[in-house]
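Engineer: attaching a predicted model along with its sequence, questions to come.
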Amino acid sequence: MTPLPPVIVYVLGGWDLGICGDLLLQGVIFAQISHYFTLYHSDVPALRLFVYGLILLTTLKSMQMIGVLWVQNVIHFADLNAAALMFRTHWLEQISLGNEQLSNHFHIFISHTRLWRLHILLCAFVSLSPSLGLQVLCKNIYIVGTLVAIFCFAFIAVVVTTVFTFRNVELLGGIWLSIHIGVVFGGDVLLCLTTAYFLLKHSKQVLPQTAGMLNAILRLTFQSAAPGAVCAMMNLVTSRTSVNPSNPFNVSLMLSVITSNLLPKLYAFSAMWTLNSRRSIRLAASSGRNTSSNEGPSGGRRTGASGGRGVELGTFGGVQRIQVRTQVQTTHHTDEDSAMFGQDEADRKARGMEEEASLETNKRGLRR
């Protein structure tokens, strides 16, 4: 059996796998969005607007992927050269981020024409949003400003890459693309580490119950950031190792195409994961705060006829038995949760309640 040409295996095959992964993640994102609107009816307008924007951009991205799949596998089904060159000529594939130098005669453009904004806006839209939560957490405009500047520079770098790409300045285009990918990965790692640092710092300065919530947020930070960070790292590595003039069609090229297509959806997936985890974190914290204990007889200390003096009653040494009945009821206490998580109906009800405590002590068995 004649082996398939490398362009089919590593280029067209890479796009097929990337498209399938994109559509799979889009289904997961739709489920996350449905879950969000079911649980958070009265969330702050900024977060709801963010989710609406996420719906629009991720849907447009999936529509692009479906169009690429159709053109590649249906329209150019019997024409391998046309299917390969569509990455350079067809706008559906030009609007995807990235470009890979394959050889002097073959150059795959994963860049942008009139719809180039779909991909890079999706990356920028999701990447910039965690900086807002970091601003609430660290209250340091310089740290937040640095992170925002990093992501804005990454956005500018990909725009410059697009300009050089369409002017056929391949060397400068490749340099700026490498800068973009490296800055995005570095920004992701820096954002994650900075958020973790301030979470750990605040967990030592708040109530024990709130410290538990911050620790849960810390775990969530690493868990939700891991998929995007791993994908960005793979994209950074494979985009450089795929440049091989002696073997332009290789595994690194295929992985670069796949990771480039999956990265925006992984960012969106992580964002919705974070938003939907707020309720479970609140409930876990509330279960630790809302305590109700009803203790029966305790103390039960007795003194004999020649026993010592009772500690609790000073000079009354004839204490036979002390019964203490303690009942404590504590309701939800909020430090600054709403600043980081937004508000919902349950928060406002809990915020309107005050802590109540009652202590009843019955002392019996005193002998004159």
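Structural biologist: Right, received. Where do you want to start?
Engineer: CA atoms for contacts and neighbours, from now on please.
Structural biologist: OK.
Engineer: flag the shaky bits of this protein, pLDDT-wise.
Structural biologist: 1, 82-140, 165-166, 168, 170, 206-207, 209-210, 285, 288-368 (pLDDT under 70).
Engineer: and the closest residue to Leu262 other than its chain neighbours, what does it touch?
Structural biologist: Distance criterion CA to CA, 6 or more residues apart in numbering; nearest residue to Leu262, sequence neighbours excluded, is Asp22 at 5.7 Å. Asp22 makes contact with 62, 65, 261-262, 265 under the criterion CA atoms under 8 Å, 6 or more residues apart in numbering.
Engineer: go on, Thr221?
Structural biologist: Listed by CA under 8 Å, 6+ apart, the contact set of Thr221 reads 192, 195-196, 274.
Engineer: hmm, back to that, next, the residue nearest to Leu262: secondary structure please.
Structural biologist: Classification of Asp22 by DSSP: H, G, I helix; E, B strand; the rest coil places it in helix.
Engineer: could you report the distance from it to Ile141?
Structural biologist: Separation of Asp22 from Ile141 (CA to CA, to the nearest Å): 35 Å.
Engineer: and which of the contacts of Asp22 is nearest Arg219?
Structural biologist: Set against Arg219, the nearest of the contacts of Asp22 by CA to CA is Lys265 (21.2 Å).
Engineer: and that closest one, what element?
Structural biologist: helix 251-276 (DSSP states H and E).
Engineer: now for the helix or strand that comes right after that helix, which elements pack on it?
Structural biologist: Using DSSP H and E, the helix or strand that follows helix 251-276 towards the C-terminus is helix 278-289. Under the contact criterion of 3 or more CA pairs under 8 Å, 6 or more residues apart in numbering; DSSP states H and E, helix 278-289 touches helix 208-241.
Engineer: mind listing what's buried along the helix it packs on?
Structural biologist: Of all the residues in helix 208-241, those buried under the rule 16 or more other CA atoms under 10 Å are 209-218, 220-221, 224-226, 228-229, 231-240.
Engineer: same check on stretch 64-71?
Structural biologist: Neighbour-count burial for stretch 64-71 flags 64-66, 68-69, 71 (criterion: 16+ other CA under 10 Å).
Engineer: reformat these into JSON lines and put distance to Val169 next to each item.
Structural biologist: Formatted as JSON lines, the buried residues of stretch 64-71 follow (distance: CA to CA, whole Å):
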{"residue": "Gln64", "distance to Val169": "26"}
{"residue": "Met65", "distance to Val169": "27"}
{"residue": "Ile66", "distance to Val169": "30"}
{"residue": "Val68", "distance to Val169": "25"}
{"residue": "Leu69", "distance to Val169": "28"}
{"residue": "Val71", "distance to Val169": "27"}
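Engineer: among the residues you listed, which are in helices?
Structural biologist: 64-66, 68-69 (DSSP state H).
Engineer: quick one: His41 is in a strand?
Structural biologist: No. Going by three-state DSSP, the assignment for His41 is coil, not a strand.
Engineer: what's around it, how many residues?
Structural biologist: His41 is flanked by 12 other residues according to other CA atoms under 10 Å.
Engineer: before we move on, what about the one 4 residues further on?
Structural biologist: By other CA under 10 Å, the residues close to Pro45 number 10.
Engineer: ok, Gly145 next?
Structural biologist: 12.
Engineer: give the buried residues for the helix or strand hosting it.
Structural biologist: Secondary structure assignment for Gly145, by DSSP H and E: helix 141-166. Judged by neighbour count (16+ other CA under 10 Å), helix 141-166 contains these buried residues: 143-144, 147-148, 150-155, 157-165.
Engineer: and after that helix, which helix or strand comes next?
Structural biologist: Next helix or strand after helix 141-166 toward the C-terminus (DSSP H and E): helix 170-203.
Engineer: distance of the spatially closest residue to Ala157 that is not a sequence neighbour relative to Cys152?
Structural biologist: Spatial nearest neighbour of Ala157, chain neighbours left out: His180 (5.3 Å); criterion: CA to CA, 6+ apart. Distance, His180 to Cys152, using CA to CA: 10 Å.
Engineer: next: Phe164.
Structural biologist: Using CA to CA, Phe164 is found at 19 Å from Cys152.
Engineer: return the residues in contact with the residue nearest to Ala157.
Structural biologist: Contacts of His180 by CA under 8 Å, 6+ apart are 153-155, 157-158.
Engineer: how about the strands in the stretch 1-150 of the chain?
Structural biologist: 99-101, 107-109 (DSSP state E, counting those that start in this stretch).
Engineer: now the helices for the stretch 1-150 of the chain?
Structural biologist: With DSSP state H, counting those that start in this stretch as the criterion, the stretch 1-150 of the chain has helices at 6, 13-39, 45-70, 80-89, 91-94, 117-138, 141-166.
Engineer: same for the third one, what does it pack against?
Structural biologist: Contacting helix 45-70 under the criterion 3+ CA pairs under 8 Å, 6+ apart are the following elements: helix 13-39, helix 91-94, helix 117-138, helix 251-276.
Engineer: tell me what angle that helix forms with helix 13-39.
Structural biologist: Here the directions of helix 45-70 and helix 13-39 differ by 150 degrees (axes from the mean of the first three to the mean of the last three CA atoms, to 10 degrees).
Engineer: since that was my last question, I'll sign off now.
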